[in-house]
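J.: Pasted the sequence and its predicted model underneath.
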Amino acid sequence: MSVAKVTEIISSSAVGIEDAVKSGVARASKTLNGITGVWVSDIKCTVNDNAITEWRCTLKVTFVLND
């Protein structure tokens, strides 16, 4: 039997949502072992001069706890 934990992080990207999620998972994997899934729970963006300048994603990262 395994036990998992969920932690929430926020990542951003000037490129787009997919890039924000990928960079968030890449960064989380530096300190979290055994990541099994990610849920994008919220998406926001910043706007400057009527253009989107940054995408921000709130991610819920699931990882299995070590014994």
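T.: Cool, the structure landed.
J.: buried ones in the helix or strand hosting Val6?
T.: Counting by DSSP states H and E, the element that carries Val6 is strand 4-13. Along strand 4-13, these residues count as buried under the neighbour rule (16 or more other CB atoms under 10 Å): Ser11, Ser12, Ser13. C-betas here are computed from N, CA, C, even on glycine.
J.: Please name the strands paired to that strand in the sheet, noting orientation.
T.: When sheet partners are counted by DSSP bridges, strand 4-13 sits next to strand 51-64 (antiparallel).
J.: Tabulate the CA atom coordinates of the strand it pairs with in PDB.
T.: What follows is strand 51-64, C-alpha atoms only, in PDB (Å, rounded to 0.1, in the frame of the first residue of the first chain):
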ATOM      1  CA  ALA A  51      -2.200  41.900 -24.500                       C
ATOM      2  CA  ILE A  52      -1.500  38.900 -22.300                       C
ATOM      3  CA  THR A  53       2.000  39.100 -20.900                       C
ATOM      4  CA  GLU A  54       2.100  36.200 -18.500                       C
ATOM      5  CA  TRP A  55       0.100  33.000 -17.800                       C
ATOM      6  CA  ARG A  56      -0.100  31.800 -14.200                       C
ATOM      7  CA  CYS A  57      -1.200  28.300 -13.300                       C
ATOM      8  CA  THR A  58      -2.100  26.900  -9.900                       C
ATOM      9  CA  LEU A  59      -1.100  23.300  -9.800                       C
ATOM     10  CA  LYS A  60      -1.900  20.500  -7.400                       C
ATOM     11  CA  VAL A  61       1.000  18.100  -7.500                       C
ATOM     12  CA  THR A  62       0.400  14.500  -6.300                       C
ATOM     13  CA  PHE A  63       3.400  12.500  -5.100                       C
ATOM     14  CA  VAL A  64       3.900   9.200  -3.300                       C
END
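J.: Thank you, goodbye.
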